[in-house]
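Trainee: Starting from these lines, generate the structure:
(chains A, B, C, D, E and F)
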There are 4 protein chains.
Amino acid sequence: MAPSNEQKLDQIHLKRIEQIKKAALKVFAHRGIIGTKMSMIAAEAEISQGLSYRYFKSKEELFITLIQEAMEEANAAFQHVQQLPGTPLEQIRTLTQNILDESNKYPFLLIQHASVSDEVPPKAKQIIEHFSTNVPIEQLIPLFIKGQQLGQFCEGDPYKLLFCYMSVITGLMLQEKQTEGKNWSEDVDILMKIITK
Amino acid sequence: MAPSNEQKLDQIHLKRIEQIKKAALKVFAHRGIIGTKMSMIAAEAEISQGLSYRYFKSKEELFITLIQEAMEEANAAFQHVQQLPGTPLEQIRTLTQNILDESNKYPFLLIQHASVSDEVPPKAKQIIEHFSTNVPIEQLIPLFIKGQQLGQFCEGDPYKLLFCYMSVITGLMLQEKQTEGKNWSEDVDILMKIITK
Amino acid sequence: MAPSNEQKLDQIHLKRIEQIKKAALKVFAHRGIIGTKMSMIAAEAEISQGLSYRYFKSKEELFITLIQEAMEEANAAFQHVQQLPGTPLEQIRTLTQNILDESNKYPFLLIQHASVSDEVPPKAKQIIEHFSTNVPIEQLIPLFIKGQQLGQFCEGDPYKLLFCYMSVITGLMLQEKQTEGKNWSEDVDILMKIITK
Amino acid sequence: MAPSNEQKLDQIHLKRIEQIKKAALKVFAHRGIIGTKMSMIAAEAEISQGLSYRYFKSKEELFITLIQEAMEEANAAFQHVQQLPGTPLEQIRTLTQNILDESNKYPFLLIQHASVSDEVPPKAKQIIEHFSTNVPIEQLIPLFIKGQQLGQFCEGDPYKLLFCYMSVITGLMLQEKQTEGKNWSEDVDILMKIITK
DNA sequence: GATGAATGAGGATTCATTCAT
DNA sequence: GATGAATGAATCCTCATTCAT
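Mentor: Just a heads-up that it's a prediction; the model follows:
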């Protein structure tokens, strides 16, 4: 049976939403929420100025949607890493490689921006807050503790260790933004040193 | 001898400039150049909206002034560290502590913002460029090489090592922004691990 | 054939540009560049405050555009007059009538304002300079000399004569501004006396 | 008897008023009321920014004062010319020379500006109106009529003739503003042609 | 659905005026 | 009286959002 007219429209609808989100993610990640003009997103998505408003009520809503999804992705990645075979060190190493992978750069930068900037809408802050305090740390901490028990990770407060680890990743990604193109994922081992003995 | 009238006026002048710069540094560091409204700086400095313009031609000029000074401070800190007694490791350790010190937080964040953001005026970029490419690396690299020769630092391209080190500091400072108040300078040793064997 | 969509948009574009230029010319001619608020132009053109900025980058650019066009028109009029049949006196007489004609009033006043005022942007001054020194005088002077040779014009330095003539026109136009509506073009002959024997 | 303290103060007072008025006249004549900043007047008068406000309530009041005085001077000159010996032509000739004299340039330009511009306060317009409609023409017209009767002036509506005459003077003064320094008073005779047979 | 023209609220900047010294 | 620092209303301009086509 041929797809109904309605289904076709829905497909256009979804395609547009993805198109806009993709463009917005890239520009927001580079320029922050205030530094980004809706016209930039439209240009990046190769659509007209007004079209985004058919799919997103406002710039703010678009931003929040992206934050939400980025946090969900990050969360999924954190959950996934624990299913992986290997020692905690190998697991964290894989996670790090994934984060540093080109395709995950923008969501990570977006989260970083939303975490740090005072410009973002309160609701975005809440989403970050929600995920950050409840989920990921709860998930990674056991890994760190296990790593310490196995003698692979260095001693000390595992929360502090995790915090340092996140800082390194963050710092590296931000530097990356400047040295676009260069790929640091091969140097993951240098980063691993910070948590290992 | 009582200060002359002119001296008194100059003192007011200087006091105001410092007052405005201090307020602006704080707000710019938190919100970036676009996210900062002149009214915010005025509020932070507890002056009227128009007064900043007596001392700085524009928001842009104010921003550039702060970048310039922050870079000079950073440069001075980098130069200073080499005069210190002790091994390269001890020197870098001291530098790190200084950078992470509460009082140096805003200049560092400002530089970070100006380095990464696409919104800053070209002249600010130039200043960063000028200092970044000419000065600090030229200065710190010998320290790293010496550290490697002494067997304290880990092997590999010293530029890459330095880059990682800077990333870590950056990341930590940005996380700090969120955990305002907490003082990480005592945990410098964790950071040192990234460059040591 | 029906006009394509693109053509229609272009027509709106051109129509708006004309609408804004017409309104701006009128207000600028009356109030000068500083005395004119963009809101006045918007009101005169019956559009919103922001719309002018779609078509002209700034008040200054709008002003310069108008000056440029006014000078080009004036230049064309000066060139045209020499093609006309008749004696130099008759030619100048026609030129005078054209200048004093209602429809040419605003461009002339605008030029007058830009020539005299210290407030106009340097680029506007340059345009005036360019045309004034290179073109029109070079063009009218031969006419004056010929008029003198024919014994129609009074003796003396033709540049000085031309200068007086221009002064009279200028003065009359400015007075006209106050006696809006009254039409002096019929009294051109009184003006002619200043250059004739 | 030595002047009392109060008298001395009054003298300072008057001196300041003259100083400010002189400076203001010059700047207003060149730049119009909107184009003139109070700081320019202060600079021209070599006094501080705030001092003018001790002697004039506002920029507007200062401007109106100057217009008032300029109109009174012009009026006096018009009255005076009729007391002079000689034919109407000689009288008008003398008047013209006086107007074109360097020292009377600024008041005349000020009046011209106030007459033509829409920027000036209504009260200034009223003053102009008052003098223009009531006085000077009432005064000069008889002179023109007498000149016509004597066969010196050309025929036609004397009001129209006067209007032309004023236009020429105005135009010349405005051109003068651009060719500062050059002195046209010697060429008065060219101007006279416009009213003579 | 898609376009891009149009609107207008908001932010940077200027400058007349006030005020502390 | 004199100074010039300080204020804030008013103006230029930008850009998120709406709307006619």
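Trainee: where's A:Val81 relative to chain D, distance?
Mentor: To chain D, A:Val81 is 66 Å away according to Cβ to the nearest Cβ, to the nearest Å. Glycine gets a C-beta too; all of them are placed from N, C-alpha and C.
Trainee: ok, that residue - how many residues close by?
Mentor: The tally of other residues near A:Val81 (other Cβ atoms under 10 Å in any protein chain shown) stands at 21.
Trainee: Check whether it sits in a helix, strand or coil.
Mentor: helix (DSSP: H, G, I helix; E, B strand; the rest coil).
Trainee: what does A:Glu119 give?
Mentor: Of the three states, A:Glu119 takes coil under three-state DSSP.
Trainee: ok, it - contacts?
Mentor: With contact taken as Cβ atoms under 8 Å, 6 or more residues apart in numbering or on different chains, A:Glu119 is in contact with A:Gly32, A:Ile33, A:Ile34, B:Arg31, B:Gly32, B:Gly35.
Trainee: wait, what's in contact with the second one?
Mentor: The reference is to A:Ile33. By Cβ under 8 Å, 6+ apart, A:Ile33 lies in contact with A:Lys59, A:Glu60, A:Phe63, A:His113, A:Ala114, A:Ser117, A:Glu119, A:Val120, A:Pro121.
Trainee: how about the residues of chain A that lie near DNA strand E?
Mentor: Chain A has residues A:Leu9, A:Ile12, A:His13, A:Arg16, A:Ile47, A:Ser48, A:Gln49, A:Gly50, A:Leu51, A:Arg54 near DNA strand E, with proximity defined as Cβ under 7 Å from any atom of the strand.
Trainee: Report the two of those residues separated the most.
Mentor: A:Leu9 and A:Gln49 (22.2 Å; Cβ to Cβ).
Trainee: circling back to that earlier point, secondary structure and neighbour count for the residues of chain A next to DNA strand E - can I get that in TSV?
Mentor: TSV is the format used below for those (DSSP: H, G, I helix; E, B strand; the rest coil; neighbours: other Cβ atoms under 10 Å in any protein chain shown):
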residue	secondary structure	neighbour count
A:Leu9	helix	11
A:Ile12	helix	10
A:His13	helix	12
A:Arg16	helix	16
A:Ile47	coil	17
A:Ser48	coil	10
A:Gln49	coil	12
A:Gly50	coil	9
A:Leu51	coil	14
A:Arg54	helix	12
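Trainee: Lowest-confidence entry in those residues?
Mentor: Among the residues of chain A next to DNA strand E, A:Leu9 carries the weakest pLDDT, at 67.
Trainee: if we can go back for a sec, what about DNA strand F: which of the contacts of A:Ile33 touch it?
Mentor: Filtering those for neighbours of DNA strand F using Cβ under 7 Å from any atom of the strand leaves A:Lys59, A:Glu60.
Trainee: Check the contacts of A:Ile33 against DNA strand E and report the nearest one.
Mentor: A:Glu119 (10.9 Å; Cβ to the nearest atom of the strand).
Trainee: Who are the packing partners of the helix or strand hosting A:Leu140?
Mentor: Secondary structure from DSSP states H and E places A:Leu140 in helix A:136-149. The contact analysis (3 or more Cβ pairs under 8 Å, 6 or more residues apart in numbering or on different chains; DSSP states H and E) places helix A:136-149 against helix A:59-83, helix A:88-100, helix A:158-178.
Trainee: how distant is that helix from the center of its chain?
Mentor: Chain-centre distance of helix A:136-149: 20 Å, with Cα atoms, centre = their mean, to the nearest Å.
Trainee: okay, that helix in CSV with CA atoms only?
Mentor: Presented in CSV, the C-alpha positions along helix A:136-149 are these (Å, rounded to 0.1, in the frame of the first residue of the first chain):
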residue,chain,number,x,y,z
PRO,A,136,25.8,9.9,35.2
ILE,A,137,27.9,10.1,38.4
GLU,A,138,25.8,7.5,40.0
GLN,A,139,26.7,5.4,37.1
LEU,A,140,30.4,6.0,36.7
ILE,A,141,31.3,6.1,40.3
PRO,A,142,31.0,2.3,40.7
LEU,A,143,33.4,1.9,37.8
PHE,A,144,35.9,4.1,39.5
ILE,A,145,35.6,2.3,42.7
LYS,A,146,36.0,-1.0,41.0
GLY,A,147,39.0,0.4,39.2
GLN,A,148,40.6,1.4,42.5
GLN,A,149,39.9,-2.1,44.0
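Trainee: Perfect, that will be all.
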